[in-house]
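>>> the following block contains a protein sequence and its predicted model.
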Amino acid sequence: MPGPAITAILAAAGTGARFGGGENKIFAEIGGRPVLLWSLEALLASPRVATAVIVANPRDRDRIAELTRDVSQVAEICLGGAERADSVWNALQRLPREAGWVAVHDAARPAASLELIERVAAAAEQHRAAVPALPVTDTLKRSDDGLTTLTTVNRREFFTVQTPQIFERGLLADAYREARAAGFSGTDDASYVERAGVPVRLVAGEAANLKITHPEDLARAARALAPPPASGPVRTGFGYDVHRLVAGRPLVLGGVTLEHPLGLDGHSDADVLLHALCDALLGAAALGDIGEHFPNTEERWRGVSSLRLLREVARMVAQAGWRVVNVDLMLIAEAPRIRPYVGAMTAIIAAALHTGIGQVNLKATTGEGMGFVGREEGMAAHAVATLTAST
Ligand code: MG
């Protein structure tokens, strides 16, 4: 990743008055998962986004903490202020030191695609500030009473703006500080940067990246988040792998390094989960197996990150004319507890496969104390991948 890491600020403190009911709309569910988690994981799917700070309404704080308990990248849940701008300002005071960039995102925007986030991040790196925007397609009228038109304005000069809005950290923090001192209040983060005299780059937004405002928006977002239907022939592949546990090696699973006294032994980083997944993908595309493409006799694969292998496999599968419908992974390990890392692993795998996080499922079980897994001599993993012809 070029440049310093991005910290996501998730603005979740809104009350959602237009959504109806007493509940914050970020808790409404799409596919059994709250909108807040979709929005959070959409950002974490980008390898550029390292951590997240969530700004919560005091009344929702405990519930958000409970929902995100297993998402290891959530650095902080801080309390929001009276206005959205107060909330973002609070979050800017709580950023991890290493955050060089900030991506402010509405917690009620669950369907931002990975491509969109990467596009905005790349533009921000080049121009210091970038926002996703959509051109206005309807004719725009000016009216001073809401009853009769005064004039028709040139709609080409107007854009609707979405989130994530990505900025150089210092630029946004300084712009907010100066604006607050001057009593200025803007309706989005870009307006603070504009006020500071720095042009904000417009990047193509996405119609599907809607903000949940009314109850009917949930169905639209659900359609955007559903895996695309199979568009032709479908192929399924299976993968299995096993590695020995030894002392003195890091434990790498699903692209994440875990705290554990033992690590998996192997020629590469021995990420047993990703190896099983590579074999499932290669199997579905009838491209052989991982040992054939990355032989453990070759020096260039020594100590290599299995994420690199997975990205290479994803490239081969795409080149052969396939796209991923879904993958399902099962780790069999006695310890440590995997649950806290599942969100991070899912996001990393989805990013490597260029899919949504809803297309990646990851679960774990123990050996119930039996066999080589139960004795903690090793770990095993199974994976199934379904592909369809790319159109
Ligand atoms: Mg292996």
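Done, it's in. Numbers count the residues shown, from 1 in each chain.
>>> hey, let's count contacts and neighbours off CA atoms from now on
Fine.
>>> and the next element down the chain from the longest strand seen in the chain?
Longest strand of the chain, by residue count under DSSP state E: strand 234-247. Counting by DSSP states H and E, the next helix or strand C-terminal to strand 234-247 is strand 251-253.
>>> what comes up buried for that next one?
Buried residues in strand 251-253, counted by 16 or more other C-alpha atoms under 10 Å: 251-253.
>>> contacts for stretch 252-262 next, please.
For stretch 252-262, the surrounding residues in contact (C-alpha atoms under 8 Å, 6 or more residues apart in numbering) are 245-251, 263-264, 269-274, 305-307, 336, 341, 344-346, 348-349.
>>> pLDDT of that stretch, averaged?
Averaged over stretch 252-262, pLDDT sits at 94.
>>> from here on, count from 17
New numbering, starting at 17: the last item is stretch 268-278.
>>> please tell me I have it right and residue 115 contacts residue 23.
Yes. Applying C-alpha atoms under 8 Å, one finds residue 115 in contact with residue 23, separated by 5.6 Å.
>>> looking at the two, which has the bigger crowd around it?
Between residue 115 and residue 23, counted using other C-alpha atoms under 10 Å, residue 23 has the larger neighbour count: 30 against 19.
>>> and that one, what does it touch?
Residues in contact with residue 23, defined by C-alpha under 8 Å, 6+ apart, are 65-69, 111-112, 115-119.
>>> re the thing from before, and which of the buried residues of strand 267-269 is nearest to residue 252?
For the buried residues of strand 267-269, the closest approach to residue 252 (C-alpha to C-alpha) belongs to residue 269, at 23.0 Å.
>>> what is that closest one paired to in the beta sheet?
residue 272 (DSSP bridges).
>>> next structured bit after the strand or helix carrying residue 323?
Using DSSP H and E, residue 323 falls within helix 322-335. Downstream of helix 322-335, the next assigned helix or strand under DSSP H and E is strand 338-348.
>>> so what touches the one helix or strand residue 82 maps to?
Here residue 82, judged by DSSP H and E, is contained in helix 77-83. With contact meaning C-alpha under 8 Å, 6+ apart, helix 77-83 is reached by 53, 72, 93, 95.
>>> sec struct for the third one, please.
The three-state assignment at residue 93 reads strand, by DSSP: H, G, I helix; E, B strand; the rest coil.
>>> quickly list what the closest residue to it other than its chain neighbours is bridged to.
Excluding the flanking residues, the one nearest residue 93 by C-alpha to C-alpha, 6 or more residues apart in numbering is residue 70, at 4.7 Å. On the basis of DSSP bridges, residue 70 is bridged to residue 26, residue 93.
>>> how many residues are close by residue 70?
Using other C-alpha under 10 Å: residue 70 sits among 30 other residues.
>>> that one against residue 94, yeah?
Yes. Using C-alpha under 8 Å as the test, residue 70 is close enough to residue 94 to be in contact (6.3 Å).
>>> can you flag the buried ones in the contacts of stretch 268-278?
In the contacts of stretch 268-278, the ones that pass as buried (16+ other C-alpha under 10 Å) are 261-262, 265-267, 279-280, 285-290, 321-323, 357, 360-362, 364-365.
>>> residue ranges of the strands in the stretch 167-316 of the chain, please?
All strands of the stretch 167-316 of the chain, identified by DSSP state E, counting those that start in this stretch, fall at 167-169, 175-177, 181-184, 217-220, 250-263, 267-269, 272-274, 278-280.
>>> relative to the third one, what are the paired strands and their orientations?
Right, strand 181-184. Counting by DSSP bridges, the strands paired with strand 181-184 are strand 117-122 (antiparallel), strand 145-151 (antiparallel).
>>> just the CA trace of the first one, in CSV.
Coordinates of each C-alpha in strand 117-122 appear next as CSV, following Å, rounded to 0.1, in the frame of the first residue of the first chain:
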residue,chain,number,x,y,z
TRP,A,117,-5.3,9.6,6.2
VAL,A,118,-8.9,9.8,7.4
ALA,A,119,-11.9,8.3,5.6
VAL,A,120,-15.1,9.7,7.0
HIS,A,121,-18.0,7.4,6.3
ASP,A,122,-21.7,7.4,7.1
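>>> quick check: buried residues in that strand?
117-122.
>>> same check, this time on the last one
Buried residues in strand 145-151, counted by 16+ other C-alpha under 10 Å: 145-150.
>>> what's in contact with that strand?
132, 136-137, 139-140, 172, 174-184, 206, 209, 215-223.
>>> ok, of those residues, which come out buried?
Among the contacts of strand 145-151, the ones that count as buried by 16+ other C-alpha under 10 Å are 132, 136-137, 139-140, 177-184, 206, 209, 216-219, 221-222.
>>> what does the helix holding residue 323 rub up against?
Residues contacting helix 322-335 (C-alpha under 8 Å, 6+ apart): 271, 284-287, 290-291, 293-294, 297-298, 301, 303, 310, 339, 368-369, 406.
>>> in that helix, what's buried?
322-323, 325-334.
>>> repeat for stretch 391-407
Buried residues in stretch 391-407 (16+ other C-alpha under 10 Å): 392-405.
>>> and that stretch, how far from the chain's centre?
In terms of C-alpha atoms, centre = their mean, to the nearest Å, the gap separating the centre of stretch 391-407 from the centre of its chain is 21 Å.
>>> and what of stretch 115-128?
Distance, centroid of stretch 115-128 to centroid of chain: 9 Å (C-alpha atoms, centre = their mean).
>>> just the terminal-to-terminal distance for that stretch.
Stretch 115-128 has an end-to-end distance of 21 Å (C-alpha to C-alpha, to the nearest Å).
>>> pLDDT on it, on average?
So the average pLDDT for stretch 115-128 ends up being 95.
>>> kindly report the same for stretch 291-302.
In the prediction, stretch 291-302 has an average pLDDT of 98.
>>> how about stretch 179-196?
For stretch 179-196, mean pLDDT rounds to 97.
>>> can I get that stretch in PDB, CA atoms only?
What follows is stretch 179-196 as a C-alpha-only set of coordinates in PDB (Å, rounded to 0.1, in the frame of the first residue of the first chain):
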ATOM      1  CA  THR A 179     -19.100   9.100   1.600                       C
ATOM      2  CA  PRO A 180     -16.400   7.800   2.200                       C
ATOM      3  CA  GLN A 181     -14.700  11.200   2.000                       C
ATOM      4  CA  ILE A 182     -11.000  10.700   2.300                       C
ATOM      5  CA  PHE A 183      -8.500  13.400   3.400                       C
ATOM      6  CA  GLU A 184      -5.000  13.900   4.500                       C
ATOM      7  CA  ARG A 185      -5.300  13.800   8.300                       C
ATOM      8  CA  GLY A 186      -3.600  17.100   9.100                       C
ATOM      9  CA  LEU A 187      -5.500  18.900   6.300                       C
ATOM     10  CA  LEU A 188      -8.900  17.800   7.700                       C
ATOM     11  CA  ALA A 189      -8.000  18.400  11.400                       C
ATOM     12  CA  ASP A 190      -6.700  21.900  10.700                       C
ATOM     13  CA  ALA A 191      -9.700  22.700   8.500                       C
ATOM     14  CA  TYR A 192     -12.000  21.600  11.300                       C
ATOM     15  CA  ARG A 193     -10.100  23.500  14.000                       C
ATOM     16  CA  GLU A 194     -10.100  26.800  12.000                       C
ATOM     17  CA  ALA A 195     -13.800  26.400  11.000                       C
ATOM     18  CA  ARG A 196     -14.900  25.800  14.600                       C
END
